[in-house]
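A.B. asks: predicted structure and sequence below. I'll ask about it afterward.
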Amino acid sequence: AVQLVESGGDSVQAGGSLTLSCVASGSTTCMGWFRQASGKEREWVALIDSLGITRVRESVKGRFTISRDNAKNTLYLQMSSLEVEDSAKYYCAARGRGGCSSADTVYSFWGQGTQVTVSS
């Protein structure tokens, strides 16, 4: 099994920036970021496959950038122009085989999450 460890969550003011990181203990195919706000269902945020092809949720497009360093088995999420609505616990997810999907059920490996709180 691949273990995922996220870091980088923090409390920031609206308009601020944060970069989340996720270190994987082994190789993966698709990696992604999901988030779950209090009282809401988990939703996908951004995905990236092993070739670097990305998908970004419409509501964060232009503000969030996903990237990965395969040599370091590390996933990143650069977040800028943060909005109060971005407040959530952010989870790193990964697959050992297969392509990217926005469906969280296909991801075998999950981190424990890192909290992002954006205040007005």
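C.D. replies: Everything's here; your move.
A.B. asks: low-scoring stretches of the protein, by residue?
C.D. replies: The chain contains no residues with pLDDT under 70.
A.B. asks: quick one, strands of it?
C.D. replies: 4-7, 11-13, 18-24, 31-36, 43-48, 54-56, 64-69, 74-79, 88-94, 109-110, 114-119 (DSSP state E).
A.B. asks: okay if I get those strands as CSV plus distance to A103?
C.D. replies: Backbone N, C-alpha and C define where each C-beta goes, glycine included. Compiled in CSV, the strands of the chain are given as follows (distance: least, C-beta to C-beta, whole Å):
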stretch, distance to A103
strand 4-7, 18
strand 11-13, 29
strand 18-24, 19
strand 31-36, 10
strand 43-48, 8
strand 54-56, 12
strand 64-69, 17
strand 74-79, 18
strand 88-94, 11
strand 109-110, 14
strand 114-119, 22
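A.B. asks: of all the ones you listed, which one is nearest S101?
C.D. replies: Proximity to S101 (C-beta to C-beta) singles out strand 43-48 among these, at 7.7 Å.
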